[in-house]
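Q: Quick one, structure for this:
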Amino acid sequence: MSEVGEITDQHLKDIRDTFNLLDTDHDGKLTTSELAKLLRYTGSLKSEAEMEELLAPIDTDHNGSIDYDEFKKYIIEKDILKSLADEVCYEMQDAFNVFDRDKDGYIDKEELKRVLTQIGDRMPEELADEFIKEADLNGDGKIDYAEFCKHMGY
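A: Residues are numbered from 1 along each chain as shown. Predicted coordinates for the structure are as follows:
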């Protein structure tokens, strides 16, 4: 693993959750039809032959389906966790930028209130104060990008 580093319990949980989500019939294996549903959902239609070609490098025991161990091994070997981490990083940066209206690298109470009142009900000042207090790990009265990510669970 490059930048992701060691495989953590959270990584393993994420891999398991993804496998379980894809395993729509809950039989402990992924079939071409289950993977095809995912690809159709993401807008990538594949023929049956293309699906089997896609499955081949993952299906190491050549039984026509992918079990959890094959799935996990493929995810780890292909460094897919890093790709997912990079994608989350970009999405988190975009979300942070929505709040950081003056682009100074921080979200203060006024920026938070301004954005939250534009996308929904007016945020009470005490709620904005509470959010800042919870997320502001260094106590400077504003949220930097690292604090934002930690508060959002990343």
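Q: domain parsing for this protein?
A: 9-78, 83-151 (automatic domain parsing).
Q: Could you dump those into JSON lines with mean pLDDT and mean neighbour count added?
A: To be clear about C-beta, it is placed using only N, CA and C from the backbone, and glycine gets the same treatment. Formatted as JSON lines, those follow (pLDDT from 0 to 100; neighbours: other Cβ atoms under 10 Å):
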{"stretch": "domain 9-78", "mean pLDDT": "82", "mean neighbour count": "14"}
{"stretch": "domain 83-151", "mean pLDDT": "82", "mean neighbour count": "14"}
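Q: Other residues contacting the helix or strand residue 69 falls within?
A: According to DSSP states H and E, residue 69 maps onto helix 68-77. Here helix 68-77 makes contact (Cβ atoms under 8 Å, 6 or more residues apart in numbering) with 1, 7, 12, 15-16, 18-19, 28, 30, 57-61, 66, 80-81.
Q: give me that answer again for 6 Å
A: Helix 68-77 has contacts (Cβ atoms under 6 Å, 6 or more residues apart in numbering) with 15, 19, 58, 60.
Q: Pull the distance from it to the chain's centre.
A: 18 Å (Cα atoms, centre = their mean, to the nearest Å).
Q: Kindly report the same for stretch 92-101.
A: With Cα atoms, centre = their mean, you get 16 Å for stretch 92-101.
Q: Put the alpha carbons of it into CSV.
A: Presented in CSV, the C-alpha positions along stretch 92-101 are these (Å, rounded to 0.1, in the frame of the first residue of the first chain):
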residue,chain,number,x,y,z
MET,A,92,-13.7,16.7,1.5
GLN,A,93,-11.7,19.6,0.1
ASP,A,94,-14.6,20.5,-2.1
ALA,A,95,-17.0,20.4,0.9
PHE,A,96,-14.5,22.5,3.0
ASN,A,97,-14.3,25.1,0.2
VAL,A,98,-18.1,25.5,0.2
PHE,A,99,-17.8,26.7,3.8
ASP,A,100,-14.5,28.6,3.5
ARG,A,101,-16.1,31.5,1.6
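Q: Do a quick rundown of the strands in the chain.
A: Secondary structure of the chain by DSSP state E: the strands cover 29-30, 66-67, 106-107, 143-144.
Q: how much space between residue 152 and residue 118?
A: According to Cβ to Cβ, to the nearest Å, residue 152 and residue 118 sit 19 Å apart.
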